[in-house]
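Asker: Quick one, what's the 3D model for this:
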Amino acid sequence: MSHPEQTAQHSVPSGTPSNTAARDALWGLLIGLLGGILGLAPWWITGATLPLQNLWATQVMPAQMPTTLLPLSQYEATTILALLTVGGAVAGLAVRIWSPARRRLVTWCALSGVLVVHVAATIQSFVVLREGLLPGSLPGLYFGGLLAGVIGCVLAALVALLLIASSSTVKATIGFGLMAIPVTSWAVVWVVSTVGFLSVPTAVPTVARWVPAVLVGCALAWCGLRPARRAVAWMLNILFLWLLPALFTAVQSVLGTRVLAGDIPAMLSMGRDVLGRGLGPDGAALPTILLALVIGLTGVGARFVIARRNSLAAG
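Answerer: Model prediction:
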């Protein structure tokens with residue numbers, strides 16, 4: 001007959017590492033699921049009615065279009081990017097703030113949660129789109145192009161999650177810089193979805209122009225300049241502020257044109273022209289870059305002064 005002490009030795013206490021790991025994994029998965037849902041929420045609150053399609057098989061009114069979890073349309077390319085990548089960034093930020101002991105496990109579980117939401121939304125949306133499009137090669141090309149773009153956006157969301165959730169300050173800062181433009185676009189989508197396109201305050205476009213610079217500046221201030229390798233994050237973030245707005249504008253201009261639709265060489269030429277103007281000296285990048293640098297350097301200086309005072313007080 002076994003003694004109670006022997007039975008107790010073979011029992012598994014509730015706080016064992018295996019139970020704790022399972023709990024952390026579950027929380028990580030939940031973070032990913034909620035992050036992915038939050039990223040898509042600005043589209044869902046509008047009713048998630050598929051935008052009108054130029055290649056739709058039947059003539060319908062906008063309100064008669066089916067429901068899709070993604071706003072599939074060439075005119076919504078940057079919106080799709082913002083909706084998907086913000087989900088990954090939010091999940092990564094949650095993991096970073098939590099900073100669990102099993103960081104790698106939680107990060108990959110969060111990534112799995114985001115991926116579940118994105119894959120489900122992609123499958124549902126493209127099944128609906130395929131059922132409604134006209135038959136033929138041009139609709140097939142349109143379908144394939146949209147699918148490739150969405151897959152690219154999903155991969156970008158996962159990269160953002162991994163960078164921001166990383167324990168490396170440099171990697172996280174690079175992730176914050178990459179997400180500054182998409183987060184701003186996502187916030188604008190929230191405003192438009194909440195108040196309606198015709199009721200958007202006139203100040204929103206002006207504010208949206210400067211928000212990425214503020215976000216990047218705050219990230220640089222948090223990153224600091226020591227050790228010297230952190231200068232890589234500064235250079236990349238400034239590059240993002242210069243390149244990404246122009247790239248977003250060029251992509252949206254090319255995909256949104258009706259005059260050149262289907263004329264690939266003309267569309268590419270238009271894209272190069274728009275990108276060149278955005279990156280040139282007449283573009284809007286220089287003021288935003290200067291603002292980000294001012295905020296970043298001011299933050300670094302303030303942190304240095306505070307640290308110096310604390311050290312003096314402690315001495």
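Asker: got a pLDDT number for residue 274?
Answerer: pLDDT for residue 274: 80.
Asker: Just the C-alpha atoms of the strand or helix carrying it, please, in CSV.
Answerer: Counting by DSSP states H and E, the element that carries residue 274 is helix 264-279. Presented in CSV, the C-alpha positions along helix 264-279 are these (Å, rounded to 0.1, in the frame of the first residue of the first chain):
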residue,chain,number,x,y,z
ILE,A,264,1.5,47.6,-68.3
PRO,A,265,4.4,49.6,-69.9
ALA,A,266,2.4,52.8,-69.5
MET,A,267,1.5,52.0,-65.9
LEU,A,268,5.2,51.2,-65.1
SER,A,269,6.3,54.5,-66.7
MET,A,270,3.7,56.3,-64.7
GLY,A,271,4.9,54.6,-61.5
ARG,A,272,8.5,55.6,-62.1
ASP,A,273,7.5,59.2,-62.7
VAL,A,274,5.4,59.4,-59.5
LEU,A,275,8.1,57.7,-57.5
GLY,A,276,10.8,60.0,-58.9
ARG,A,277,8.8,63.1,-58.0
GLY,A,278,8.2,61.8,-54.5
LEU,A,279,11.9,61.0,-53.9
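Asker: Report the buried residues of it.
Answerer: Of the residues in helix 264-279, 267, 270-271, 274-275, 278-279 count as buried by neighbour count, 16 or more other C-beta atoms under 10 Å. All C-beta spots, glycine's among them, are computed from the backbone N, C-alpha and C.
Asker: domain parsing for this structure?
Answerer: Split into domains by automatic domain parsing, the chain comes to 18-167, 203-315.
Asker: Least confident of the ones you listed, on average?
Answerer: When the domains of the chain are compared by mean pLDDT, domain 203-315 comes last with a mean of 86.
Asker: Return the most buried member of the domains of the chain.
Answerer: Most buried of those, by mean neighbour count (mean count of other C-beta atoms under 10 Å): domain 18-167, with a mean of 18.
Asker: Isn't residue 210 up against residue 289?
Answerer: No: judged on C-beta atoms under 8 Å, residue 210 makes no contact with residue 289 at a distance of 11.6 Å.
Asker: per-residue pLDDT, residue 197?
Answerer: 82.
Asker: What count of nearby residues applies to it?
Answerer: Neighbour count of residue 197, defined by other C-beta atoms under 10 Å: 8.
Asker: before we move on, the earlier item: tell me the gap between the helix holding residue 274 and the middle of its chain.
Answerer: 25 Å (C-alpha atoms, centre = their mean, to the nearest Å).
Asker: what about residue 181, distance to residue 188?
Answerer: 11 Å (C-beta to C-beta, to the nearest Å).
Asker: What of residue 109?
Answerer: 31 Å.
Asker: Remind me which helix or strand the spatially most central residue of the chain belongs to.
Answerer: Against the mean C-alpha coordinate of the chain, by C-alpha atoms, centre = their mean, the closest residue is residue 85 at 2.4 Å. For residue 85, the host element (DSSP H and E) is helix 77-98.
Asker: how about that helix as CSV, C-alpha atoms only?
Answerer: Output of helix 77-98 as CSV, limited to C-alpha atoms (Å, rounded to 0.1, in the frame of the first residue of the first chain):
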residue,chain,number,x,y,z
ALA,A,77,-3.9,48.1,-52.2
THR,A,78,-2.4,50.4,-49.5
THR,A,79,-5.5,49.9,-47.3
ILE,A,80,-5.1,46.1,-47.5
LEU,A,81,-1.4,46.5,-46.6
ALA,A,82,-2.2,48.6,-43.6
LEU,A,83,-5.0,46.3,-42.3
LEU,A,84,-2.8,43.2,-42.4
THR,A,85,0.5,44.6,-41.2
VAL,A,86,-0.9,46.5,-38.3
GLY,A,87,-2.3,43.2,-37.0
GLY,A,88,1.1,41.7,-36.9
ALA,A,89,2.7,44.9,-35.4
VAL,A,90,0.1,45.0,-32.6
ALA,A,91,0.7,41.4,-31.7
GLY,A,92,4.5,42.0,-31.7
LEU,A,93,4.1,45.0,-29.5
ALA,A,94,2.0,43.1,-27.0
VAL,A,95,4.7,40.4,-26.8
ARG,A,96,7.4,43.0,-26.3
ILE,A,97,5.5,44.8,-23.5
TRP,A,98,4.8,41.5,-21.8
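Asker: Perfect, that will be all.
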